[in-house]
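Asks: I'd like to go over a predicted model; first the sequence, then the structure.
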Amino acid sequence: ALEVSAAGSHNVILIGSPGSGKTMLAKRMPTIMPPMTLREALETTKIHSVVGLVGKGLSLLKTRPFRSPHHTTSYVGLVGGGAYPQPGEISLAHNGVLFLDELPEFKRSVLEVMRQPLEDRRISISRVKCNVEYPASFMLVASMNPCPCGYYNHPTKACVCSPGQVQKYLNRISGPLMDRIDLQIEVIPVPFEKMSD
């Protein structure tokens, strides 16, 4: 099990065929992380209250955030922005998990803005009217298929992709971004019979 805190987190990419459980594993990550400290809860609540995500009658967020933006999101949606800069998905995942499902489907420009926050654990947004800095200490969990058809190295289904197609697909993720990924985990589908045993 991975233990994660705001001080030091591990970034993970899950590689496997459709239906192998990548998304389910990612959604479970906040449940195995240590409980938030009071300081983390206050920071997280502040960020979420700026965008109106703290419900009425709720004074303090106690569970770690899990943010999962769609692959069509813009880089402004990810880092934040606007005339009066609001936090984006990166800051909303502060002290929690940012899950990027189908990583190669994100635009390359969107993925490249991830490099600085992963390194510095904060994001700076500069506008004519003001400069804002939001915290961005999160665990990045990404998932992807091993190839365009999704069945490369599958135990029972044959891959129909050529080696060139597989390489082109994998090259959608830049080397500098992959350098910031600590763990690459192959997720192999488990037959229902084995799970039911």
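Replies: Yep, that arrived.
Asks: Burial check on residue 171, number of neighbours?
Replies: Counted with other Cβ atoms under 10 Å, residues neighbouring residue 171 total 11. Backbone N, C-alpha and C define where each C-beta goes, glycine included.
Asks: Kindly report the same for the one 5 residues further on.
Replies: The criterion is other Cβ under 10 Å. On that basis, residue 176 has 13 neighbouring residues.
Asks: Nearest residue to it in space, please, no chain neighbours.
Replies: Of all residues not flanking residue 176 in the chain, residue 115 sits nearest, at 5.7 Å (Cβ to Cβ, 6 or more residues apart in numbering).
Asks: isn't the one you found right up against residue 177?
Replies: Yes - the pair residue 115 / residue 177 is scored as a contact, 6.0 Å apart, by Cβ atoms under 8 Å.
Asks: Settle it for me: which of those two has more neighbours?
Replies: Legend: neighbour count by other Cβ under 10 Å for residue 115 and residue 177, higher for residue 177 (19 against 14).
Asks: That one: what's it in contact with?
Replies: 111-112, 114-115 (Cβ atoms under 8 Å, 6 or more residues apart in numbering).
Asks: same question, residue 134
Replies: 47, 80, 87, 90-91, 94, 122-123, 125.
Asks: how about it, secondary structure?
Replies: The three-state label given to residue 134 by DSSP: H, G, I helix; E, B strand; the rest coil is strand.
Asks: Against residue 121, how distant is it?
Replies: Here residue 134 is placed at a distance of 11 Å from residue 121 (Cβ to Cβ, to the nearest Å).
Asks: got the buried residues for the lengthiest helix in the chain?
Replies: For the chain, the longest helix by residue count, based on DSSP state H, is helix 38-50. Residues of helix 38-50 classed as buried: 40-41, 43-45, 47-48, 50 (neighbour count, 16 or more other Cβ atoms under 10 Å).
Asks: how far does it sit from the chain's center?
Replies: The chain centre lies 19 Å from the centre of helix 38-50; the measure is Cα atoms, centre = their mean, to the nearest Å.
Asks: Can you name every helix or strand that that helix contacts?
Replies: Helices and strands touching helix 38-50, by 3 or more Cβ pairs under 8 Å, 6 or more residues apart in numbering; DSSP states H and E, are strand 86-87, helix 89-92, strand 131-135.
Asks: possible to save the ones you listed as JSON lines with mean pLDDT and distance to residue 158?
Replies: Output for the helices and strands packed on helix 38-50, formatted as JSON lines (pLDDT from 0 to 100; distance: least, Cβ to Cβ, whole Å):
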{"stretch": "strand 86-87", "mean pLDDT": "88", "distance to residue 158": "45"}
{"stretch": "helix 89-92", "mean pLDDT": "94", "distance to residue 158": "36"}
{"stretch": "strand 131-135", "mean pLDDT": "88", "distance to residue 158": "46"}
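Asks: right, and these - which one's nearest residue 145?
Replies: For those, proximity to residue 145 was assessed by Cβ to Cβ; helix 89-92 is nearest, at 22.0 Å.
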